[in-house]
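Enquirer: have a look at this fold, sequence not included:
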């Protein structure tokens, strides 16, 4: 039992330590990348309230686009049925806030973070991009992407949702363990790839 616990904590620390130099909190310190990859989350919490994790990711993506830190936005998330469509919700939020439709591409097969970061490269052709999510999530996304040899950084979106902290961090703790196993044991691949999709960068 002690060995299992030690492995779990070591896996979490490995993910954080590996990714930390590439998770950036100040916009001014971010490099310019053609594409910003926004990782999906629900628009509402389990209680039915607006999800601030979603809202602040959208705010950050709009801000990075307006400041020229990214020139195109790839929104990636789950789309399991007609009632739940993360990419479509993100697309609509970005357009409402002034991002041109032609500057947004939707990835409907971002079932997991691993799927999103690998598909950004293998389907959408990006070797270097900026992940846009909260810091706790950025660590795992950057770890997975850089383990695949991608030149990825992440913007740590501020204002995490206080009411979700325990559930969110507990889930993330186990997700990081799965990420280490996916990379070093399972050699996990995205659930679905499909044909390449060209992202046309304005300018």
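Expert: Structure's in. What do you need? These numbers were taken from a predicted model, which means no experiment stands behind them.
Enquirer: now the most centrally placed residue in the chain: phi and psi?
Expert: Centre of the chain computed as the mean C-alpha position; nearest residue by Cα atoms, centre = their mean is residue 39, 3.1 Å away. Backbone torsions of residue 39, given as degrees, to the nearest 10, read phi -90, psi 140.
Enquirer: tell me the contacts of it?
Expert: 57, 76, 77, 110, 113, 116, 131, 132, 133, 137, 141 (Cβ atoms under 8 Å, 6 or more residues apart in numbering). Where you see a C-beta, it was placed from the backbone N, CA and C, and this is true even at glycine.
Enquirer: taking the residues you listed one by one, which sit in helices?
Expert: Counting by DSSP state H, those place 57, 113, 116, 137, 141 in helices.
Enquirer: tally up the residues packed near the second one, please.
Expert: The local packing count at residue 113 equals 24, with neighbours defined by other Cβ atoms under 10 Å.
Enquirer: for it, which non-adjacent residue is spatially closest?
Expert: Distances taken as Cβ to Cβ, 6 or more residues apart in numbering place residue 141 nearest to residue 113, at 5.3 Å, with adjacent residues excluded.
Enquirer: got the contact list for the one you found?
Expert: 19, 37, 39, 113, 116, 117, 131, 133, 152, 154 are the contacts of residue 141 under Cβ under 8 Å, 6+ apart.
Enquirer: can you rerun that using 7 Å?
Expert: 39, 113, 117, 131, 133, 154 (Cβ atoms under 7 Å, 6 or more residues apart in numbering).
Enquirer: under the pLDDT cut-off, which ranges of this protein? List them.
Expert: By pLDDT under 70, the weakly predicted segments of the chain are 159-165, 203.
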